[in-house]
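[1] Generate a structure from the sequence data that follows.
(chains A and B)
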Number of protein chains: 2
Amino acid sequence: MNNFNYYNPCRIIFGKDTEIDVATHIKSFNVKKVLLHYGGSSIKKNGVYDRVIKSLKDGHISYVELGNVKPNPRLDLALEGIDICKKEGVDFILAVGGGSVIDSAKSIAAGTYHDDIWSYYMDNSKPIENALPIGVILTIPAAGSESSTGSVITNEASSFKRYINSEKLIPQFAIMNPEITYSMPKEQIVYGASDIIAHLMERYFTQTKNVDLSDRFLESAFKTMIRYTPIAIENPKCYTARSEIMWAGTLAHNGLLGMGRDEDWSSHNIEHELSGEYDIPHGMGLSIIFPAWMKYVYKDNVDKFAQFANRIFGIDYANEEKENQALEGIRQLELFYRSVGLPTRLSHENINTDRFEVMAKRVFEGRGDAIGSFKKLKANDIVKIYELSK
Amino acid sequence: MNNFNYYNPCRIIFGKDTEIDVATHIKSFNVKKVLLHYGGSSIKKNGVYDRVIKSLKDGHISYVELGNVKPNPRLDLALEGIDICKKEGVDFILAVGGGSVIDSAKSIAAGTYHDDIWSYYMDNSKPIENALPIGVILTIPAAGSESSTGSVITNEASSFKRYINSEKLIPQFAIMNPEITYSMPKEQIVYGASDIIAHLMERYFTQTKNVDLSDRFLESAFKTMIRYTPIAIENPKCYTARSEIMWAGTLAHNGLLGMGRDEDWSSHNIEHELSGEYDIPHGMGLSIIFPAWMKYVYKDNVDKFAQFANRIFGIDYANEEKENQALEGIRQLELFYRSVGLPTRLSHENINTDRFEVMAKRVFEGRGDAIGSFKKLKANDIVKIYELSK
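    Okay, here's the model as predicted:
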């Protein structure tokens, strides 16, 4: 186990009707003016917007609104939000939505204190020193941004999709009512599930030895996702399925399950270029890229993949057949993806591209010449992974 | 899953040599004077005391000392600490030790702001509104107090052993270096393991339905304890075993694994009277009381006990034999306890007592007439559990 430093002061307020009291939680921060940040029409259709406005008004909390966050959130809107915060004296951001809205809110929160916020996304060696406090009402379990340190933003002008990370970006509170997720379309459920599973696997596949407890926690969350994703699709109003997925999504990415181990994140970086280039959902890109990455890297630690196959999919430990055991685990993962309607090849989404080398090169813009920790990958490795995903 | 509110802002600084930088962490709180609180001679023998003093002196941090905390920490010493804090203008407490030292520190931290702190222990309806900030250097993985809301204190005059709980009591940081635990005697390893396992079981055995993910997390930590406790006994300098146990001990009791589920805590309350009466180690009392409690209550939810037997001890699911499956799980737990040298009966420690009724009555002092949530227990139930533990 590696040395580590874990800190996550986000208050999780979880369960039925919890969003009704949002004003109470905001008030404990002595707030003058709130930026209410959200996406499209879904929160207006499902009643969440009205309940939030009622709570703010009943609580006599002054606010300005900025909606219209799109999936793969854009730098331009964040810059608009930063302007609003500065002009209006905003001292708290309430993000109502999924990962895109929260990531956009984090960009605004940091950008209010740092000039040229995009330069921090392009150069992660520049530290985020301060940010406005953020509260979240989560509507889509997926990105884990509700209690994470990270924000991912796309610069439309250059089509780069990049992240920043800082403890200063961890929201003060996250209100999570599983009932709000009842109205999510099926596609959003499965893309969200894919993102949550990817967050688990980016941590699970490590070369760090002797990390038994965090291995088991990661497997626990993985098994919960495999059990409840099909149930949520089949029965959208199953509170059990929705609550298990929502809680798993937060715990997959609040930092805890990666403590003491090297994390990888190659698949996320490789996928970001894909969804940056073709504007496909992040979760869809991940179910395409991850199996390809696994096939490319598993020989660097067959035992870890054999354990994965054994503990997640119940593939018997086979001492002289570990490679086949490992490959069977990858095959079972692909079967799971397809069983819930996720693509596992670019061709499933009719993406025929000759841009593998261009995308592989862009992964390294501002990042040196290798990514990943399970296996260090250079541009030519990434081209091969794209090839495996065709 | 129940609604819940989770908040744990304790920073965990985990790994080799981490205690050397304690002054840096204290300084981030703009501290004027520290109360250095500790127990007996062990931290002087193993070098921890010297390293802490060096760090404080190098960091020019002013401090006063209060040592001599005993297992089952006493109210009298806490009152002495409160006096010191008030007279000396202490604004930060550094607790160097295990659960007893940390619980004593919490009592002092709260007592500095509340008159008659013992009255809060005897009446948990009185809220703890404020407390001095606390930092911890953990030397014994067991109580989980390093990042928990709780403090357990014994009032020697009345021999009541009681707790308080408050978010205000969560330490600001916990420094955890598994190497410090190398010098623990074998007894401390197993009493600590027993306490950690009990913290898991108090949460695991619940009547709350649909708590799959937290069930699995609890099972994960349990399996980690079963695997690594014997290794730590066999090979005291095994870093892997020490680090897994230390991290499991914190996660067993930082609140996370109980979120969304009713917790029980009868066994702890029943045990507190036992160790309050006979001054035996808490972990020893727990390995005696827990199996008796399990045998007394399992029929109230045989399925939960069957799942426990299946997932923890690999007892095959047996649809028409669930009761035997459940009982086999309890038997396996007793076998585990005995395999690491823990007693499972009062007679193993030569405790022959006719004070069951007195102790059972004392459990309820200031607490109504029933405890527990898995099964509500009254005084006559508790007498029967003591009988089963003979």
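[2] Every contact and neighbour count from this point should use C-alpha atoms.
    Fine.
[3] Residues in a beta bridge with A:Lys161, which ones?
    Beta-bridge pairing for A:Lys161 (DSSP bridges): A:Thr154.
[4] Which residues does the helix or strand harbouring A:Ile93 contact?
    Assessed by DSSP states H and E, A:Ile93 sits inside strand A:92-97. Strand A:92-97 has contacts (CA atoms under 8 Å, 6 or more residues apart in numbering or on different chains) with A:31-39, A:43, A:101-102, A:105, A:109, A:132-140.
[5] run the last query once more with 7 Å
    Residues from elsewhere that reach strand A:92-97, judged by CA atoms under 7 Å, 6 or more residues apart in numbering or on different chains: A:31, A:33-39, A:101-102, A:105, A:132-140.
[6] Could you write out the alpha-carbon coordinates of it in PDB?
    Presented in PDB, the C-alpha positions along strand A:92-97 are these (Å, rounded to 0.1, in the frame of the first residue of the first chain):
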ATOM      1  CA  PHE A  92     -22.000  30.500  -3.800                       C
ATOM      2  CA  ILE A  93     -22.800  28.300  -6.800                       C
ATOM      3  CA  LEU A  94     -25.700  25.800  -6.700                       C
ATOM      4  CA  ALA A  95     -25.200  23.200  -9.400                       C
ATOM      5  CA  VAL A  96     -28.400  21.300 -10.200                       C
ATOM      6  CA  GLY A  97     -27.700  18.500 -12.700                       C
END
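[7] strand partners of that strand, parallel vs antiparallel please.
    strand A:33-38 (parallel), strand A:134-138 (parallel).
[8] Name the stretch among those strands that sits most buried.
    Greatest average neighbour count among those goes to strand A:134-138 (a mean of 27), per mean count of other CA atoms under 10 Å in any protein chain shown.
[9] ok now stretch A:150-165, how far from the chain's centre?
    13 Å (CA atoms, centre = their mean, to the nearest Å).
[10] ok, back up a step: can you mark which positions in the strand holding A:Ile93 are buried?
    A:92-97 (16 or more other CA atoms under 10 Å in any protein chain shown).
[11] which stretches of the stretch 51-200 of chain A form helices?
    For the stretch 51-200 of chain A, the helices defined by DSSP state H, counting those that start in this stretch cover A:75-88, A:99-111, A:117-122, A:186-204.
[12] out of those helices, nearest to chain B?
    helix A:186-204 (13.8 Å; CA to the nearest CA).
[13] got the CA positions of that closest one in PDB?
    The C-alpha trace of helix A:186-204 is given here as PDB (Å, rounded to 0.1, in the frame of the first residue of the first chain):
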ATOM      1  CA  LYS A 186     -32.600   4.500 -20.600                       C
ATOM      2  CA  GLU A 187     -29.500   5.800 -22.500                       C
ATOM      3  CA  GLN A 188     -28.600   8.000 -19.600                       C
ATOM      4  CA  ILE A 189     -28.800   5.200 -17.100                       C
ATOM      5  CA  VAL A 190     -26.400   3.000 -19.100                       C
ATOM      6  CA  TYR A 191     -23.900   5.800 -20.000                       C
ATOM      7  CA  GLY A 192     -23.900   6.700 -16.300                       C
ATOM      8  CA  ALA A 193     -23.400   3.100 -15.300                       C
ATOM      9  CA  SER A 194     -20.500   2.800 -17.800                       C
ATOM     10  CA  ASP A 195     -18.900   5.900 -16.300                       C
ATOM     11  CA  ILE A 196     -19.200   4.600 -12.700                       C
ATOM     12  CA  ILE A 197     -17.800   1.200 -13.700                       C
ATOM     13  CA  ALA A 198     -14.900   3.000 -15.500                       C
ATOM     14  CA  HIS A 199     -14.100   5.000 -12.400                       C
ATOM     15  CA  LEU A 200     -13.900   1.700 -10.500                       C
ATOM     16  CA  MET A 201     -11.700   0.000 -13.100                       C
ATOM     17  CA  GLU A 202      -9.300   3.000 -13.500                       C
ATOM     18  CA  ARG A 203      -8.500   2.400  -9.800                       C
ATOM     19  CA  TYR A 204      -8.800  -1.400  -9.700                       C
END
